[in-house]
Structure formats: structure tokens, C-alpha cells
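Visitor: Give me coordinates for this.
(chains A, B and C)
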Amino acid sequence: MSTPFLLSLLILLPILSAALPFSRLLRHAVGPLATLVPAAQVLILFILWPDVREGGQLLHAWAWLADLGLHLGLALDGLSWLFACLIAGIGVLVFFYAASYLHADPLLPRLYRLLLLFNGAMMGVVLADNLILLSVFWELTSIASFLLIGFRSQRPEACDGATKALLLTAGGGLVMLFAILAVFVQHGTFDLSTLRANQVSLSSFIGVCFLLAAFSKSAQFPFHIWLPSAMEAPTPVSAYLHAATMVKAGLYLVARLSPLFAADPLWPAATVTVGGVTLVWGGVLACKQTDLKALLAYSTVSQLGLIMSLLGLRTPTASVAALLHIVNHAAFKGALFLTAGAVEHATGTRDLHQLGGLRAAMPLTAAAALLATLSMAGLPPSGGFVSKELFYEAVLETSSWLPSVAVAASGFTFLYSLLFFHGVFFAPPRESPHAHETPVGMLLPIALLSGCALVFGLAPPVAEALIAPAVGLLSAHAAAAHLALWHGLTPAFGLSLLTVAIGGAAFLWRDALVPLLRACKAPYSFDRAYSDGVLGVNAFAVWLRTRYMTGHLTDYATYLMTVLLLALGLPLWWFYRHTAFTPDVAPVEQYEIGLALLMAIGSLGCCVFRARVPLVLSLGLVGALVSIFFVLFSAPDLALTQILVESVGLVLFLLVFRFLSPIARKPISWSKRGVQVALSVGSGLVVALVLLAANLGQIHPSVVAPFYLASSYLLAGGRNVVNVIVVDFRGYDTMGEITVFSVAALAVFAMIKLGSQGNPGPPDLSTPVLPSVILRAIARLTLHLMLLFSVYLLLRGHNAPGGGFIAGMLTAVAIILQMIAFDLRTFLQEIPWNPLRIVMTGLAIAASTGLGALCFGYPFLTSAFGHLHLPLIGEVELVTAVLFDFGVYLVVVGTTLGIIRTIAED
Amino acid sequence: MELLMIAVIGILFGCGTYLLLQAHLLQIIVGLALFSHGANLALMVSGGLKRGGPPLLTIGAPYADPLPQALILTAIVISFGVTAFALVLAFLTKQVCVSNDVDELAGG
Amino acid sequence: MIDQLFILFVILPVLTAVILFAIGPRSVWQQRASLAVVALLWAFSLYGLVHVLQTGIVVLRMGDWPAPYGIILVADVLSMTMVALTMTIALAVTLFSLPTVDRARQEHFYYPLFFILLMGVNGAFLTGDIFNLFVFFEVLLIASYALMALGSDADQLRETNIYVVLNLIASAVFLLGLAATYRIMGTLNMADLAVKMQAQAENPLLTVLAMVFLFVFGTKAAIFPLYFWLPGPYFPPPAGISAFFGGILTKVGVYAIFRTFTLLFRHDPSFTHELLLALSAATMLFGVLGAISQMDVKRILSYHIISQIGYMILGIGLFTPQALAGALFYIVHHVIVKSALFLISGAVQETTGTTSLKALGGLATRSWFLSALFLVAALSLAGLPPLSGFFSKFIILQAGMHEGRYGYVAIGLLGSFLTLFSMLKIWNGVFWGADRAPTRPAGLRPLLPGVVLLVSLTIGIGLFPSVLYRVVDAAAGQLTDPRVYIEAVLGPQTPGSGILPAERTSQ
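Guide: Predicted coordinates for the structure are as follows:
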């Protein structure tokens, strides 16, 4: 098998197996089957070991989004290999353990799915060569962690812990994305291998962004708060993600990127400082805990800080120490978490106050835990001792203040290690009737991990073999470093003795010291800061919304008009600053001024009148004046249309307004009134200024008008150019327009019918206007005349004012007149069909006329015409455009009647 | 002449805005109607105003620009349809929510 | 000939509406015919997109009149992407509507109105004439008013009133802008306008026009500070409609901004596009803050629309090919995911009767499948890898970095973080926690096909981003160089000369 395939298999195998039908077919074998996956990974890594042993690197990239510099680049070198081994190796044990731990839990398949998903994502993090791919897997691990922490999703604490973890780690991931993008902009690549080959050195700013991501992922101060909350996860998850692997992703990132920041002074300073603070802080807090898992969580925080600061020192010794401690920590902390799980499994509690004396009931577990505890406390002959010695050596080499911090922190480590072990296995026994030895399925992984912790100390070459390929990548000279249990009487050994002395003393006086520690409560914690932050953001958001989004239409209209003024003010000012005002005004007739004044009066009337009838009449006045203007300015079609629309509109208003509530005269503050007036004046002014500007700054006279005038008759066969435009040149607009019109009818019908279904009977109304005999007579007489006239208008529309719309409106008006003249019931009896049918027929005719052209290979709405001379009407254009216009006619008739009728019926 | 029409359009929009800022739906609808009258007249102005030259190819040039007229025709129809809808909406609002006052509606 | 069939995207929906009316509101064929037509158009839209990618811009002359005299439909990659997207969402929404739309709504023209809405949306995407854009805006608006008010309960009516009035204001201003445009430029054809505007560098009059149109389209697209209308009206209608509104409707405004600010208003990017950038940042932040402030699934989702429109506007504000491609990628991603989330909220509503976070909880234990669908869509929305949201965010932000706009990139990432925050709020409120939600007898299974379609799209895009990137890159290429568009519509142009309209091909 080719190595690229094996590399991809490391990631794909777990992710694809996560989709296996565990819950159905493989329900009973889920544990062993899932364990096979990390086992296979171990095998693959073993196969690949020769390739990386001598500092080699396997590199392969698949195409992804090449235009943007994205490749699915995977690389395996010593560092990746080390982490991959942790992920796979601990994976085997944890997967094995989980089968017994959650035995018979129906959710076990889901746990394995998520664990497999995590396993694949974590592999991806350490194998990715492309930084974007790295960030993809990085976020995936956060998501998997989120789901695993919230595994007991019914518990609110689990949900909160999961949320906190996701927000902090994914937030860090976003900051990392920013850094990655910045790297690309500066260096043109996302590939770590290329960056390394070019020996680029990245800026401090990018470094800070990467570090923020690493710190949040590895639970460094002050982002450590998510890790204790993450202990809501089932214990195997805590052991795997939150002790052995995922929290080490930040360490991996720092180790991986360190060479790129070789010249940057901030990088090591920040790493060492934050790591150091975390080391002490975590240690202190761990001593205060009474919950086993919380103790272990803070201990993990502390240990991660230790490794972080070692990575920041960047000396050969420190690098070796860091890598060795990563391995050691994975072993002993994994073992201890699994022990905590076993204890809880046996006794039902994790509270140190309730535990004690379990060495009798669980001797084998106690023995295994002892080895792990030794390693954690840094006592010989464990691996932890070796790495602690190296740690001391490294800090002694470098700075003056670090050793004292290191000793103090190690003292705390020693203390909480003993507190843990003593509290569980030795303290006075409590009532735990069901306590029993850990079942083999759980004991075996614990024993194996503890065994590792011992072996790393007794036989350092084993650990050395693991870390050797990685060491060379971190520090050029570190390959020479030697691992041994016994270094001789070095200063580091002295510090170790000191640590034991301090820690031992603290343990002896624990009954005084621990309560003292617990009593020290910070007035304000980072946890509080987090929850206050969440609440604060929420409160701010609510405040903002209730301020801006009031739900009042008046406010919204105010915003809208204000924005209009603001948006147009500046460019208008620019325009008028450079444009001379040239009042080349065409002569104005006196009557035109009079009409304009009337118009102003009409519109002001609309503003002033509160009573509904004068209001509607003022509006009618404005409409009538508009149609007079249309007459004046050579638009007979428009004038006709406008006057018909106005009259139908008036009927509509009259029908409806009785049922609207009266317009109340509300007391209104002067400031509010001032805003209203100012906005009104302003918007009127701005609109006028825009139009004036358009007039003054004309760039091109109309391109299209000459064409329409020239070819209306020649090419489209009509003399009424407006109508030709409407049905032919821009017939497509008309298609849309009649659709709007039809929908209005449909909508009115649907709303009223559906609305009245739920409501108890609407107010009973007869006809809106009292029928009179004379009116009836006139109506009867005019009906036929008007219908006839509308047919005439329809047919001649192409050549003289008229056309489908006007004709349709006229027909509708004629029929409405009947409705007013006779009472509604008679009317409904006379015209029993549903006007909506007419609408739809018209729409169908118009659309299919247009489509007809397609059958002949012409575009939609292409018209063909011939002329036919009819007596009385004159020349009539034949076929398609008229048919289209007929469709318009039907739509207009149907819609107008439909709306009026629907309302009148209701 | 254009100047006068522009002033008229300005007045229509100004009064329309004032009505939009009032509380009753009927006033708001009337305001919108004023807006659409103003917009139609603005389209009219955009073709240049010409007296006595309707674009009917029987009477002889000069003709008024026919395009704005066609556009206005479309706009009138659309605004009529939509206004009718808005009016019915107001009517239904009164029936269902008892009030046409937007402040009372928002207040719940 | 196949080109001519592109008109079907506009006309087939309206004919379908007529046919649905004709076969009677109670017939089961309402549903069958709707699904059939939508599926047909969906397939055709995918074909059309591929066709346009392969052969270049498709131009249709309505009535066979040449530009700029007649109305031209222009199907470039952008337009066809939007049409294909619309039809995809329409398919998912129809699938969701079949089991959920109640009898009363169906009998009152739910499906015909939906088809008219489709007609308006497709018409707006395809038109090459700015007045015609107005007309189709009105078509889609009136259909949306109707669908929004259908049912006539108090909430719906109140919100519809606001929606209608604000849109009518915008429409009047739109007409005003069209009047000014015609006065200044003497034409309404967008390609022709583009030719004439090219010669007018930094003319403040064009900036006035640009601002008028930005106001109009900004209102429709709900960008800051004009977004206030959006969340209300998207709440009361049935989830299928909310999904279509939330996914597609605001994007028509965004599309119009894209079209006008790449084709027409290129005269003074140092003002117009800089302004767009500033607005985009505010839109991203204010939208997501609004989402955080809410305690209801559908309302949270509505506010997210606003925030994410900010990202799209960010792309157009940056105005580089990659930024445009990224913004388009974002639109595609957003439309798919947002609609999916709305449909999921609809499924929640159907099975529990509520979408309030306070009343819900623990649905993960009831249906792991629904919660998985939600989780994937939600993480995608927040831009977490490896889903479509990650790449769309990545492409835009990378473009922003290239331009040295670090601040905007940072705001984009912050917005993404806050999005995650609010999606977690839904997740914790609806899917995790104690199972306390009420139960309705409605079955979950029939509700899911549409959701599954959309969620698999977001996963698919996440796994194979290069497929979609090729499309949006082609679209961005056409947007960056308006000559392509202009020459497709008006024929070959010689620099400096006026337009050379092609001869009418037939009579």
C-alpha cells in the first residue's frame, strides 16, 4: 500500500467508520469493532515509523480548491508521528475501556460514533500540512468535543459546559483563521512545508493570534475555565480528549510553529509566561477540589502549562522535556482519569469527602493508580520523574525566576497527587457497600497506561524511541539529549528533593492547608467573567433591539425617510456645488400655476383632514388634477387611465372606509411634530432636488424615443405609440403588470375568505349606497353603451387612445355602476360567475399568446401583424398583439370586479 | 414648466411623507397614494414636458416622448393593484385586530 | 432555440398558477402538479446554468426587439446561479409544503401564489432592463404580501402591514430613481446604461442615482440601517414560506445591488463601494446582535439573515474578483442553509406546536436525525468547517486580507463567532436539555426530504468546494468585466462610440 494512501487512511478510517450502522446491525459488537480502528491506526503508524525515524517527512497533497491555495496536504514527520501515536494508542485503550464503562447504555453507539469522529479530526490536526486544513480539523475536534461534553444532554450542566468549551475553543480557532489568512497574504502559501522550506519568519502579531488559539485549545490561563466544566463528559471522554489528546492540540500547534517564529521575541516570552502562570494557577486550584475529575482537570491545566512553558524555552533540554512530558502526561493522566471512572463506577460517587479506604475493595486498581500517581507527582522510578528532572534542568539553564516557580508549582503537584491517591484509597473508609474490584475490561487499560508510566521511567529508551523523531524537529541539537532515570547528584535532583520536602510537608499539614486554600475565594473569577460576558452580550443585544426595532410602523417610516435624506444629502451637495443653476424654464401658463396650486391644496388637505370623507375626497382631487396634467402634457391614454382608476379607487375607498376605525386626534409632543414636519419638508426638498439635478445634468437625451416614434407604425403596425410600447415593444413589462394586478385580486379574495372563516360573521351590509330609481334607470341605459364603447376602445387601442387596460377599466366601471344602482343580491344573481375566472383566463391568454411565438422559433411575445379595416372602428391590427391586449382587458375587468365584489360580499 | 412640475412633485412627496408618519393606516395609505402620484409625475417629467403632441402617429410631429407614458401606465396599474391590496389589508386589520392605529397594533 | 426556452423560468410559473387555479383548489393535483413543475424547472435551471457556463451569456429579446428598445433577458452566470438556487429552494419548500400546508391555505391559492412568487423572483434575476426589474419586484412583492397575510391572524396582519407599507415606500423611490435615470441617460437598458455611464468618471450625479438605488435595494436586502423591517414579517407565516422568504427574497435585493454596483455604478468606487463596506460591517454586527437578543427559533433565524447579508455586501464592497466570487459563494451557501434551518424550525413547529426556546427542549432524544440535520446546518451557518459556510467565509475574508482590510476581516470573524453563539442558544434550547416540549401527532418523516436535500448540499459543497467555486468564479469574472455583459446584449462595442444595436432579426 502506498504511503499517501496510508496517510489518508489514518484520517478517513475513523471518520468513515463513524457512519457504520452501529445502532442496528452491530449493536452488540460496537466496542470491539470501534477499538479495531485505533488499533489499525497503531499498525499503520508502526509501518510508517521507518520513514520518519531519521527525521524524514512524508508529504502528499490532493487537489482541493487550488485557485485559492488550498490543497489537501498531509504530512507525517516525527512530531506528527508522536502525536498520532498518542491519539491512536490511547484511543485503543479508551475505546476498549468505554465498552465496559458504558456497558448496556443505549447511547453507546453514539458515543463511539463521536469518539471516532474525534479521533479522525484529531489525526487530521496533527497530519495537516495545509494550514486551512489544519484549521478545518481543529474546529472539527472542537465540535466533537462539544458533542461529547454534552453527551448527557439532559443535564443542564453538561449543556453549559459544552457550550463554554465550544465557544472558547472555536473562538480561538477563528482567531487562528485570521492568523492563517494573514500568513497567506504575506507569504502566499498555506503549506507548512513550504513555509518551513522558505524559512520564513512570521510577525509577532500573527504569532499572538496563533498563540491565542493554542492557549484556548490547551486550556491555558485565562481560558482554562472550560476544561473543568468539560468534566461533564463521560469519563473515557475526559481521559481521551481532555487529558491525553485534544488539549494537546495547542501544544502541538506551538511546537509545530515555533521554528517559524525563531526571530520573534514575543513568542517565547508569551509562551513561557502564560505557561508558567497556568502551571501554578492550575496546581493551586487542583488542591482545592473535592471532585476527583475536577482535581484531575485542574491538574491537567497545570501540566499543560508546564509543557507550554517548556516549549517556550526552546532550549534542547526543554524541548526533550516537553515532548517527554507530553507522553508521560498522556499515560499517567489517562490512567488516573480511567481510575476515577472506575471508582465512580464502583461507588457511585467522585466526591473525595465520600470516598476513602478503597484499597481493600479495589487492590488492583489501587496498585495501578499508585504507579500513575507516582508519575504525576514526579517520583522515581516513574516516567514522570525523568521528565520532571529534565524540566528542572531546563529551567535552571535559562532564567532566574523560573526555578522558584517550578519548585512551588511542583510542590502543589506533589500535594494534589497525594490528596488524590490518599483520599481515594487510604483515607478512613466510608460507607460504600457496593464497592468492588474494577472489571477486567476497565482494569486492563488502566493497568496498561500505568505500566507505560512505569516503563518510561525504568526504561527511558522506550520513551526515547517515541520522541526521538520529533526532537530533531524542535531543536537542532537536542538529538544528543540523553534520557536516564538517574542523572547523578545534579542541581535538578536537588530541586526534586526540595519539591518532595515541600509537598510532603504540605501533605502532612493538609488538614490546615487545604481548608485554608478553599477558604481563599477570589472576589471575581474567570468563570464569573465568562458568564457575565454572556449575560452582558445578551442584555446589550436585547437593549439594542428594543430601542431600534420598536415594532411601530411610524418609527420605521421615520427611519426610512431619515435614511433617504442622509443617503442623498451628500451626493446632492457634491452635485450642486459644481453645477450652476441655469433656469432655462419653458414658459408657464397661468392656468398651470393655478392647477399646481390646487394640487398643493389637495395634498395639504390630505394632511390636514382627519375625517375620512374629506381625506378621501382630497386624494381624489389630487388624482383628478394628475389626470388633467396628463391631458396637458400630451398623454391622453394616461389621462383616461388615471380618471378611470381614480373612480374605481374612490368606490373602493367608499366601500372600505366605513369599516376602518375613525382617525383619532392624538395629543402629540411638539418635538415629535417637529420631526414629522422637518422630515416631510426635507424629503419633499430632496425629491425635488434629485429631479432638478436630473434635469440640469442630463447626459444623454432619450435614445429610445426616436426609435419608437419612427418604427411604431412601420415595424409594429400601430399608430398609438404608447399602446404599441405597452403591448409590443415592452409587452413583457405588461405581462408582469397584469400578473401583479391578478394577484391583487387573488390575494384580496383569499385574505378575506380565509379571514372570515375564523371570524364570527362579518357585519351584515347591504349595498353601500342607497339605490334610487333614477340611478337604476340610468345605469341600465348606460351599461350597454359603456360596454359597447369599451369594445371600441379595446379594438382601436393600437392606433388611438384606448387599449386593453382602459377598455377593461371602463367595463368594470359600467358593471360597478350597476352594482351601486341595484342592491348587491340582485347584482350577484345577474353576474353569478366568479370574476377570478376571468382574471385567470386573461392571464392565460396573454401568456400563451407570448409563448405562441416560440412555436414559430421567435422569442417570447414576438408579434405578427396584419391590418384589417372594419367599418366604424377603422383600421384594426390583427392577431397577436390584440390578442395579448385582450388578455389584458380580461385581467383588468376580472380583477377590478373581483376586488370590489369580494369586499362588497363580505 | 419642468420647474413647476418638480415643485409639485416635491409637495406631493412632502405631504406623502407627513402622512406616512401618522398613526392611522388610512392616512398612511393616502400618503402612499400621494407618493405614487408624485412618482408618476416624475416619470412624466423625465421624458420632457411637451404640450399638444400626443404620440399618436396621425397628427404630425413633434410628439411627446412615448416611453414615460407607457411606463406610467404600467406604474399606475401596479400601484392601483397594490393600493387596493393595502386597503383591504387595512380593512381586515380592523376586523381582526380591532384597530387601524399602528401604535395600538404594535402595542399588541 | 434552446435559448428561447429560458423564458419558461418566468412564464411557466404563471401558466402553472393559471392551471392550478383551473383544476380547482381541492384537487390533489394541486400538489402533484406543483411538485412536477417545480422539479421540471429545477432540472431545467441546472441545465441552464451549465449551458450558460459552457456557451456564454444567453440573451433573449422580448418581442424580438433589439436592445435598448425592447426588453432583454440576460442569463449570465450570476443570473442563472440565482435562478438555479431559487428553483432548488422552491423544490425543497414544495416538498415541505406538501405535507404541511393546511387545507384552508391550499384552497386559498397557496400554490398559485407561490408560483407567481417564483415568476417574480426569476424575472427579477433574468431581466436586463431596469424598469422591468421594478415590474418584477412588484410581482414578487405582491405575491409575498399575499402569502404573508394568508391566514389573516392578528400577528400576520400587523406584520404584513409594516412590510407592505415599507416596500411601497421603497417602490415609489424606485420609480423616482427610474425617472431620474431616464432623464439623465435616456435609456433603461442596463447594458446601454453601463456603456453610457462608463464615460462618466466621478460624476456626482451618478452618485446621486447610485444612492437612490442603494436605498431601494438596500431596503429590500435589509442592510444596515434599513434592516428593521425584516425579522417581524418572516415570523408568522408557515415555515415553508419563511424558508423561501428567508432564503431567496432578500437575496433579490442583494442581487440587484450586485448587478447595479458591478455593471452601472463603477464611476466612483472610492465613495460608493467604501460606503458599502462600512454598511456591511454594521450589518454583520447589528444583525447577529439582534439574533442573540431573541428567544424564538424563527426569530433568531430571521435576524441571522441580516447579519449574513452583511457578508455578501462585504464582498461587493471589496470589489475584487475573488471578493465577488466569495460573496456569491456566500449567497449560495446562505440561501441553502438558511432555508434548511427555516424548514427544520418548521418541522419542530409541526411536531411540537411551537418554536419558542422557552417551551422547547430535549428534542435530541426524540429524533437524533433531525438534530443532526440542524447541527450540520447551524454549524455551517456559523462558518465552521468543513461545511459550505466555512468556505464562503474563507473566500471573502481572504479577499479582504488581500486588500489589507484587516478590520473588516476581524469583524467578519467576530460575526461568525457571535453567530455560533446564537446557534448554540437554539441548540441548547431546542435539542438539548430536559425533554419538555409538547407533542403533536404530526409525523416527522414526511417533513424531511426537502431538509435532507438542502443539508446534503451544504455538506457536498463543503466536501467539494471547487465545483461551486468554478461557477462563482466564472460569474465574478463576468461581473468584473462588464464588457462581456454589454457586448452580449448590444453586440461588439468600439471604444468611444455610442451603441450599435443589432438589427432586428425577424418580422
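
Visitor: Identify the residue spatially nearest to the residue nearest the centre of chain B, adjacent ones excluded.
Guide: Closest to where the C-alpha atoms of chain B average out (Cα atoms, centre = their mean) is B:S36, at 1.5 Å. Distances taken as Cβ to Cβ, 6 or more residues apart in numbering or on different chains put B:S79 closest to B:S36, at 4.0 Å, once the chain neighbours are dropped. For glycine as for every other residue, the C-beta is placed from the backbone atoms N, C-alpha and C.

Visitor: which other helices and strands contact the helix or strand harbouring the one you found?
Guide: Assigned by DSSP states H and E, B:S79 belongs to helix B:66-97. Applying 3 or more Cβ pairs under 8 Å, 6 or more residues apart in numbering or on different chains; DSSP states H and E, we find helix B:66-97 packed against helix A:636-657, helix A:705-716, helix A:721-724, helix A:731-758, helix A:880-905, helix B:25-46, helix C:130-149, helix C:154-185.

Visitor: Name the stretch among the ones you listed that sits most buried.
Guide: Among these, the stretch with the highest mean neighbour count (mean count of other Cβ atoms under 10 Å in any protein chain shown) is helix A:721-724, at a mean of 31.

Visitor: Domain parsing of chain A, as residue ranges.
Guide: Chain A breaks down into these domains under automatic domain parsing: A:1-171+A:233-246, A:269-508, A:719-906.

Visitor: helix/strand/coil for A:M561?
Guide: helix (DSSP: H, G, I helix; E, B strand; the rest coil).

Visitor: where's it relative to chain C, distance?
Guide: According to Cβ to the nearest Cβ, to the nearest Å, A:M561 stands 8 Å off from chain C.

Visitor: Who are the contact partners of whichever residue of the stretch 401-550 of chain A sits closest to chain B?
Guide: For the stretch 401-550 of chain A, the residue closest to chain B is A:T550, as judged by Cβ to the nearest Cβ, at 6.8 Å. By Cβ atoms under 8 Å, 6 or more residues apart in numbering or on different chains, the contact set of A:T550 is A:Y556, B:A106.

Visitor: List phi and psi for it.
Guide: A:T550 has phi and psi values of phi -80, psi -20 when expressed as degrees, to the nearest 10.

Visitor: Against B:A86, how distant is it?
Guide: The spacing between A:T550 and B:A86, counted by Cβ to Cβ, to the nearest Å, is 21 Å.

Visitor: same thing with C:A475?
Guide: The separation that C:A475 has from B:A86, given Cβ to Cβ, amounts to 37 Å.

Visitor: the more surrounded of these two?
Guide: The residue with more neighbours, out of C:A475 and B:A86, is C:A475; 27 against 23, by other Cβ atoms under 10 Å in any protein chain shown.

Visitor: Could you verify my assumption that the more buried one touches C:T81?
Guide: Yes - counting by Cβ atoms under 8 Å, C:A475 touches C:T81, with 5.9 Å between them.

Visitor: Mutual contacts of the two, please.
Guide: Shared contacts of C:A475 and C:T81, counting by Cβ under 8 Å, 6+ apart, come down to C:L328.

Visitor: Just checking, which helix or strand of chain B averages the lowest pLDDT?
Guide: Within chain B, no helix or strand scores below helix B:102-107, which has a mean of 72 by mean pLDDT, DSSP states H and E.

Visitor: Tell me the helices and strands packed up against it.
Guide: Packed next to helix B:102-107, using 3+ Cβ pairs under 8 Å, 6+ apart, are helix A:553-578, helix C:154-185.
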